[in-house]
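Quick one: sequence plus predicted model below, questions after.
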Amino acid sequence: MSPTFRSLRNHNYRLYLAGSIVSNTGTWMMRVAQDWLVLSIPGNSGTELGITTGLQFLPVLLLSPYAGVLADRFSKRRLLQITQAMMAVVSLMLGVIAVLGAAETWHVYVLALLFGIGSAFDAPARQSFVSEMVGPEDLSNAVGLNSASFNTARILGPGLAGLLIGLLGDGMVASGWVILINALSYLAVIFQLQRMDTALLNSPELRTGRSTGMLREGVAYIRSKPKMLMILVMVFFAGTFGMNFQITSALMATEVFDKGASEFGVLGSAMAVGSLTGALLAARRVRIRMRLLVGAALGFGAAEIVAGLLPTYVTFALFAPVIGLCTITLLNSANATMQLESDPLLRGRVMALYMTIVMGGTPLGSPVIGWIGETYGARWCLILGGVLVIVGVVVAFVVYLRTSHLTIREALRGAAALAPAEDQAQYPG
């Protein structure tokens, strides 16, 4: 079997990836359909669309740390079945209301919030469940294949949704049918999870009950790990000041290059092609060295600066895959390293805090990036964003060197462990 797909020799992971491809495609179809549904309701505009997105995103920021506690207390496989079922029911309700032509804005708000709650509890369990399906030697490969699945769906899903909405009448009812397709797609994941051989899972011994301070214990554990802290700082700067692609690409397309919606859509597809390429390259790696993490983060910042200086729309579109490649290389490397370096009994909480940092930075940075674009011009969104990412990476790496007492050469040669250490260091808690 090709090294790129070596995780597929694992029976449980084959089932999981097959279900994920179907579900991810449905999710991207729903994103387009839900936005179109909001705009199809009379009187709605971009404001209602922004509120819907915010309501769907807010629970992930507020609840993910507590969701990580649940992921460490209970079977991740069962928890994923519950969260997938919840999101399926919410999608079903929204789709039925839309197909009946009865959807109102408040319906979408409420259901978007409920969907976000399901997503908040799904993400930490899903991220940490990968290491239970495959061994440490295949973890980076599995993370890469997960990203490849996600970005393949990111390319296919919006196009399929747009095609179906057009064929079905281009209105509220058409959006509803596409949302119903997404509701059905969750059944693929639930079914594949049920088919898994639990004897093949690398499950740590489950906690018998809730103990006080479990979330605080997870925070204290991360604080005791210099490499994890460095990664969290790096992805915070990247997420806060660099990964505002919806804003920066839209501003560059419309204000700098005087293009329309279709050209803006091309930029998203071009970036997704780079992300897919990066995910497949990540799947070939056996271990992740520190120089890859730091290099990808610095490369991402540099790519943002270069993009802000490009003279034409064509050069910007041709360069977009480079940004996608750097982004996914950074995120995949950070994700796999956090899992490989963590104690299995704390992995759910570790990944929950990681996801909170990654996803929480973007809404914090978006107003800043928007203000920079409005005050100084769209190009400066990318240029200053890239500079701040580089500064954050350098500061994080310097602090890591001092706390770990390593030289630059020793740190850059280091790789993520193939398995968590047997004798975990004691940490305050």
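Nice, I can see it.

Could I get the contacting residues of the closest residue to residue 131 other than its chain neighbours?
Leaving aside its sequence neighbours, residue 131 sits nearest to residue 339 (Cβ to Cβ, 6 or more residues apart in numbering; 5.0 Å). Quick note: C-beta positions are derived from backbone N, CA and C, even for glycine. Listed by Cβ atoms under 8 Å, 6 or more residues apart in numbering, the contact partners of residue 339 are 127, 128, 130, 131, 139, 143, 347, 350, 351.

Can you convert those into JSON lines and add a column each for distance to residue 19, neighbour count and secondary structure?
What follows is the contacts of residue 339, written out as JSON lines (distance: Cβ to Cβ, whole Å; neighbours: other Cβ atoms under 10 Å; DSSP: H, G, I helix; E, B strand; the rest coil):
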{"residue": "127", "distance to residue 19": "16", "neighbour count": "24", "secondary structure": "helix"}
{"residue": "128", "distance to residue 19": "17", "neighbour count": "25", "secondary structure": "helix"}
{"residue": "130", "distance to residue 19": "13", "neighbour count": "23", "secondary structure": "helix"}
{"residue": "131", "distance to residue 19": "18", "neighbour count": "26", "secondary structure": "helix"}
{"residue": "139", "distance to residue 19": "19", "neighbour count": "25", "secondary structure": "helix"}
{"residue": "143", "distance to residue 19": "17", "neighbour count": "29", "secondary structure": "helix"}
{"residue": "347", "distance to residue 19": "21", "neighbour count": "28", "secondary structure": "helix"}
{"residue": "350", "distance to residue 19": "24", "neighbour count": "28", "secondary structure": "helix"}
{"residue": "351", "distance to residue 19": "20", "neighbour count": "29", "secondary structure": "helix"}
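
In JSON lines, list these along with pLDDT and distance to residue 235.
As requested, these are exported to JSON lines (pLDDT from 0 to 100; distance: Cβ to Cβ, whole Å):
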{"residue": "127", "pLDDT": "80", "distance to residue 235": "13"}
{"residue": "128", "pLDDT": "81", "distance to residue 235": "17"}
{"residue": "130", "pLDDT": "86", "distance to residue 235": "18"}
{"residue": "131", "pLDDT": "82", "distance to residue 235": "19"}
{"residue": "139", "pLDDT": "78", "distance to residue 235": "18"}
{"residue": "143", "pLDDT": "80", "distance to residue 235": "14"}
{"residue": "347", "pLDDT": "79", "distance to residue 235": "17"}
{"residue": "350", "pLDDT": "84", "distance to residue 235": "13"}
{"residue": "351", "pLDDT": "81", "distance to residue 235": "12"}
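
about what we covered before: quick check: the residue nearest to residue 131 is in a helix.
Yes. The assignment for residue 339 by DSSP: H, G, I helix; E, B strand; the rest coil puts it in a helix.

What does the pLDDT read for it?
Looking at residue 339, its pLDDT stands at 79.

from the contacts of residue 339, which single one is nearest residue 326?
residue 143 (16.5 Å; Cβ to Cβ).

didn't the closest one look like it was pressed against residue 338?
No. Counting by Cβ atoms under 8 Å, residue 143 does not reach residue 338; the two are 10.1 Å apart.

rewinding a little: could you dump the contacts of residue 339 into TSV with distance to residue 367 added?
Formatted as TSV, these follow (distance: Cβ to Cβ, whole Å):
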residue	distance to residue 367
127	27
128	31
130	33
131	36
139	36
143	31
347	33
350	29
351	27
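
could I get stretch 159-168 in PDB with only the CA atoms?
Output of stretch 159-168 as PDB, limited to C-alpha atoms (Å, rounded to 0.1, in the frame of the first residue of the first chain):
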ATOM      1  CA  GLY A 159     -20.500  23.100  -6.300                       C
ATOM      2  CA  LEU A 160     -23.000  20.300  -5.900                       C
ATOM      3  CA  ALA A 161     -25.100  22.500  -3.600                       C
ATOM      4  CA  GLY A 162     -25.200  25.300  -6.100                       C
ATOM      5  CA  LEU A 163     -26.000  22.900  -9.000                       C
ATOM      6  CA  LEU A 164     -28.900  21.300  -7.000                       C
ATOM      7  CA  ILE A 165     -30.300  24.600  -5.800                       C
ATOM      8  CA  GLY A 166     -30.300  25.900  -9.400                       C
ATOM      9  CA  LEU A 167     -32.000  22.700 -10.700                       C
ATOM     10  CA  LEU A 168     -34.600  22.700  -7.900                       C
END
